[in-house]
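give me a 3D structure for the following:
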Amino acid sequence: MSRVAAESDPAYRVGGFALGLAVIAILTALGFEHLGGLEPCPLCLQQRYAFYAGIPVLFLALVLVAAEYPRAAALLFLAVALAFLANAGLATYHAGVEWKFWLGPDTCAQPSGTLKPLGGGNLLDDLAKARVVRCDEAAWRFLGMSFAGWNVIGSFMIFVAALQAAFAASCRMR
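Residues are numbered from 1 along each chain as shown. Coordinates of the predicted model:
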């Protein structure tokens with residue numbers, strides 16, 4: 001399939017949109033962490049797994065669409081769609097924990113930062129400097145929603161786009 005033909009294919013266009021959304025979302029999260037200094041909690045880190053796995057799988061699915069392997073591409077798009085639907089569920093759970101609708105897991109009150117080897121400093125001073133990142137407290141809000149709330153929307157949008165790409169690719173199999 002030529003480049004122009006691939007770009008006009010609905011599965012390729014919608015799958016590319018899903019890939020773009022996923023890349024923007026994870027780069028935003030990493031930017032807030034590494035440039036903005038906002039430490040992620042354990043639930044935040046778990047929500048990144050769908051992006052870390054989904055981005056290369058979406059790219060591979062786009063390659064398969066361009067190489068005219070629509071069945072394989074449709075299966076990969078469907079797998080990504082299901083992963084992001086599960087991620088939207090996890091983000092909904094996390095947002096509910098932040099709004100105190102339900103309790104979060106016990107792992108959500110862990111100290112953040114880099115652990116240093118014992119023996120080369122004052123352990124009590126190191127413990128006093130350790131920041132606790134909690135899952136039940138939003139580190140940042142925009143328009144009243146935390147990162148978890150925005151992740152619900154973003155993950156659901158990626159789910160819909162990947163599902164549409166899967167259906168578009170499966171229509172090419174006929």
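
now the strands for the protein?
With DSSP state E as the criterion, the chain has strands at 109-112, 131-134, 141-142, 145-146.

pLDDT below threshold where in this structure?
For the chain, applying pLDDT under 70 flags the ranges 1-7, 109-135, 137-138, 140-141, 173-174.

show me the longest helix that occurs in it.
For the chain, the longest helix by residue count, based on DSSP state H, is helix 70-98.

list the buried ones in that one?
By neighbour count on 16 or more other CB atoms under 10 Å, the buried set for helix 70-98 is 70, 73-81, 83-85, 87-88, 90-98. Just so you know, the C-beta spots here come from the backbone N, C-alpha and C atoms, and that holds for glycine as well.

which strands and helices lie in contact with it?
When contacts are defined as 3 or more CB pairs under 8 Å, 6 or more residues apart in numbering; DSSP states H and E, helix 70-98 packs onto helix 10-34, helix 42-47, helix 49-66, strand 145-146, helix 147-171.

what are the pairing partners of the fourth one, and which direction each?
Paired with strand 145-146 in the same sheet, following DSSP bridges, are strand 141-142 (antiparallel).
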